[in-house]
Structures are given as structure tokens and as C-alpha cells.
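Peer 1: requesting a structural model of the entry that follows:
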Amino acid sequence: MYALLFSATGLSDADISVLFVIWSGVGIVAEVPMGALADRFSRRYALVAAGVAQAAGYALWTALPGFPGFAGGFVLWGLGGALASGALEALVYDGLTAAGGQARYPTVLSWLRSAELLSQLPTALAATLAFAAGGYVLVGWVSVGSCLCAAALATRLPEAPRADSSDSDELGYLATLRAGIAEAVARPAVRGVVLAVALLGGIDAFEEYFALLANQWGVPVIAVPFALLVIPVAGAAGAAIGGRHGGLRPALLGAALATGAAVLVATGVLHRPVGLIGLAVFYGLYRLVLLVADARLQDRITGPARATVTSVAELGTEFVCLAVYAAWALDQVVGIGVLVLLTAAALPYALRHRST
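Peer 2: Numbers count the residues shown, from 1 in each chain. Modelled structure (predicted):
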């Protein structure tokens, strides 16, 4: 509900977009260095620190509502996001590899992404009840507590010894950073998928506007969390399908995303609450394509700096996020639909197999 909080505090659409730009800007600066930090030391404790940083950001929003407090909160959240991205995928992939289950990574990733999305169902109910009982203040402090609970649970995650641990132990922080960047940029087999993941990941910034869209299309503020439930359900279904069909050809993935973009543009023209169904169709197709691309990236990484390589892709995502914010400012849903169509056209090239 934070976009609604910003609006209720008196911020304009332009102000809100500036906040999102600050959020992305922190990610641009911190993404790859934080990925190398996770590779060099501990991916598990990178996730723990990420939860604490995000909790601190929400606390700042709740205690000091207003543009400065919101901006500071996004700085903290951006640092937390940079710590988590790359570290999570590397932790899961290397853990499965150590257990002999590397081939199951797409399935496990689909479970993870589906769980993330479906968790929005009970939290939507909790947000509605908390908002009714204590407004944005209660919602904010409950969010702080949720992040701290997640950080505590992350301390219990197993972190398997890495197959290349002897090599990584010999690498210092800067050497780890260089190794990850080199693999992401210099190896054609990795570089194309890094580009695809960056393009697709940035589109998810559109999610920040879903609540505003629902409200603009006639949904009352208190009903927005429930009205949006169809979207994460569709996203979870798309991720589940992506986990089962990870071998889809790049051309088919591009066609699926293009179909979602066409539906998205139609919903923007419709401008009615029923358009949320079209938004859900788009999101399901988008999550399917993103899941497949994410899994292929991990399969193609072979060096000791897996989290760093993934963070390079996330760095690209932050730049695409800026394009999403600009597209929204220019023509809202239609502008973002055009951006998604361009991404769909680039996918077959970015995801094509390269042997080296």
C-alpha cells in the first residue's frame, strides 16, 4: 500500500516517480558490489542483512512520513534489495548442486517465486484489517515486524560448501568482483541471458503502480488489496508453468510476452475495474517468461562468483526500471505496454544459445 501512502501524504505522481528513481539509483550503485560481498563472505547472511535494512526503511517511512523520510527509506530498501538479489539465487542453485539436484533448479525456483506471490493473499487480508484498525501507521509497523521475522528465518537457511570453494577462498573481494563482471560481460553464453534477465526484470517495476491503477480505475482505497489479489495468483500460475516448461524456445517466449503486452495495452484503453483481469493475464505471461530466463542464467554460470554475475543482470534491471518509470510518466499503461513489446522483440536474440 505504500504508493497509496505516498499519494495520501500529498505527493504527486511526479514525486512518486522520483522516489522510485531514487530506489533504482541506489540499486545501480550498490547492486554488483553487494553481489560480490555475498560471494566472498556469506550469501545467507547477505539475506539476513537485507531483511534488517528493509525493516529500517519501513520504520523510517512510518515514523517520518513525507518526501525526505520516504526517500531515506528507499535508500535503505535499495541497499537491502542489492544484498538479497543474486545471493538468493546463488544460495539455492549451489545448494541444489551440492545435493545432486541441479536439474531441479527451475522447479524449485518456480516454487519460490509462486510462494512469494501467493503470500500476497494473506497479507492482503492483513493489510486491509490493519488499515481499517490503525491506518497507514499500523500497516507500516506490521511491515517492519514482517521484515525482521524474515531476517530471523534467513539465519536458519543452510549454506552448502561450494564446489569451487578452494578457488573462491583464494580470491579477495576485488578479485571476486572482477571474476563475476568478466563472466557476465565476456562470455557470450552468459552475456545474452544477462541481457534478457535485465530487460525482463526491469518490467516488474510496473508492479509499483498496480495499486494506483486500481484506484484510478474506480476501486476504493480500502478494497485495493483485495482487488489486486487476482494479479499475484496469475503470476504464481505463470511461474509454476515456467518451472515445468523451462525448455521453451526463445521465439515462443517472445511471442508469449508480446501477447501479454497486447492485453496490457487494451486494459489501458479500457480504463475500468474489469481491466484488472487483463492486467492479471499480462502478469501471468510475464512471470512465466521471467522464470525461464532466470533459470537459464543460473545454468550458464560456471565461475566462482555466481551472485556477482546475477547482480550484474540486476544492475541492468535497475536501468530498465528507469525506462519503466519514464514510460509511465509519458503514457501510463500504454507507454509501458510499448516497452514490453520492444522487450519481447529482443528476447529471441538475447536468449539464443551460444556455445562459449
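
Peer 1: helices and strands of this structure: which one has the lowest mean pLDDT?
Peer 2: helix 165-170 (a mean of 51; mean pLDDT, DSSP states H and E).

Peer 1: can you list the neighbours in contact with the helix or strand just after that helix?
Peer 2: Once the chain leaves helix 165-170, the next helix or strand it forms, by DSSP states H and E, is helix 173-186. Identification of contacts with helix 173-186 by C-beta atoms under 8 Å, 6 or more residues apart in numbering yields 32-33, 35-37, 39-40, 168, 171, 190-191, 194, 301-309, 311-313. Every C-beta, even on glycine, is put in place using the N, C-alpha and C of the backbone.

Peer 1: list only buried entries from those.
Peer 2: The neighbour count (16 or more other C-beta atoms under 10 Å) marks 32, 35-37, 39-40, 168, 171, 190-191, 194, 301, 303-309, 311-313 as buried among the contacts of helix 173-186.

Peer 1: so which of those are in helices?
Peer 2: Using DSSP state H, the members of the buried ones among the contacts of helix 173-186 that fall within helices are 32, 35-37, 39-40, 168, 190-191, 194, 306-309, 311-313.

Peer 1: got any ranges where this protein has weak pLDDT?
Peer 2: Residues of the chain meeting the criterion pLDDT under 70: 162-171, 353-356.

Peer 1: check the offset of stretch 258-265 from the chain's centre.
Peer 2: Mean-position distance between stretch 258-265 and its chain equals 20 Å (C-alpha atoms, centre = their mean, to the nearest Å).

Peer 1: please read the previous query as pertaining to stretch 284-296.
Peer 2: Using C-alpha atoms, centre = their mean, the offset of stretch 284-296 from its chain centre is 12 Å.

Peer 1: helices of the stretch 51-200 of the chain, residue ranges please.
Peer 2: With DSSP state H, counting those that start in this stretch as the criterion, the stretch 51-200 of the chain has helices at 67-84, 87-98, 105-118, 120-154, 165-170, 173-186, 188-203.

Peer 1: what do you get for the stretch 251-356 of the chain?
Peer 2: Here the stretch 251-356 of the chain has its helices, by DSSP H, counting those that start in this stretch, at 275-300, 306-350.

Peer 1: how far off helix 306-350 does the shortest one point, in degrees?
Peer 2: In this case it means helix 275-300. Here helix 275-300 runs at an angle of 110 degrees relative to helix 306-350 (axes from the mean of the first three to the mean of the last three C-alpha atoms, to 10 degrees).

Peer 1: so which elements touch helix 275-300?
Peer 2: In terms of contacts (3 or more C-beta pairs under 8 Å, 6 or more residues apart in numbering; DSSP states H and E), helix 275-300 is packed against helix 87-98, helix 105-118, helix 188-203, helix 210-216, helix 230-244, helix 250-270, helix 306-350.

Peer 1: any chance of JSON lines for those helices, columns distance to A150?
Peer 2: JSON lines is the format used below for the helices and strands packed on helix 275-300 (distance: least, C-beta to C-beta, whole Å):
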{"stretch": "helix 87-98", "distance to A150": "12"}
{"stretch": "helix 105-118", "distance to A150": "11"}
{"stretch": "helix 188-203", "distance to A150": "21"}
{"stretch": "helix 210-216", "distance to A150": "22"}
{"stretch": "helix 230-244", "distance to A150": "17"}
{"stretch": "helix 250-270", "distance to A150": "30"}
{"stretch": "helix 306-350", "distance to A150": "19"}
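
Peer 1: the ones you listed: which one's closest to V292?
Peer 2: Closest to V292 of the helices and strands packed on helix 275-300, according to C-beta to C-beta: helix 230-244, at 4.8 Å.

Peer 1: what's that closest one packed up against?
Peer 2: helix 105-118, helix 120-154, helix 275-300.

Peer 1: if we look at it, which residues are touching it?
Peer 2: Applying C-beta under 8 Å, 6+ apart, the set of residues contacting helix 230-244 is 106-111, 113-115, 117-118, 120-121, 210, 276-277, 279-281, 283-292, 295.

Peer 1: let's see 7 Å
Peer 2: 106-107, 109-110, 113-114, 117-118, 120, 210, 276-277, 279-281, 283-288, 291-292 (C-beta atoms under 7 Å, 6 or more residues apart in numbering).

Peer 1: could you do stretch 97-107 as well?
Peer 2: Residues outside stretch 97-107 that contact it (C-beta under 7 Å, 6+ apart) are 93, 96, 160-161, 163, 243, 246, 295, 298.

Peer 1: go again using 8 Å as the cut-off
Peer 2: Contacts of stretch 97-107 (C-beta under 8 Å, 6+ apart): 92-93, 96, 108, 160-163, 242-244, 246, 291-292, 295, 298-299.

Peer 1: okay, now L341: neighbour count?
Peer 2: By other C-beta atoms under 10 Å, the residues close to L341 number 17.

Peer 1: so it sits against A258, correct?
Peer 2: Yes - between L341 and A258 there is a contact at 6.0 Å, judged by C-beta atoms under 8 Å.
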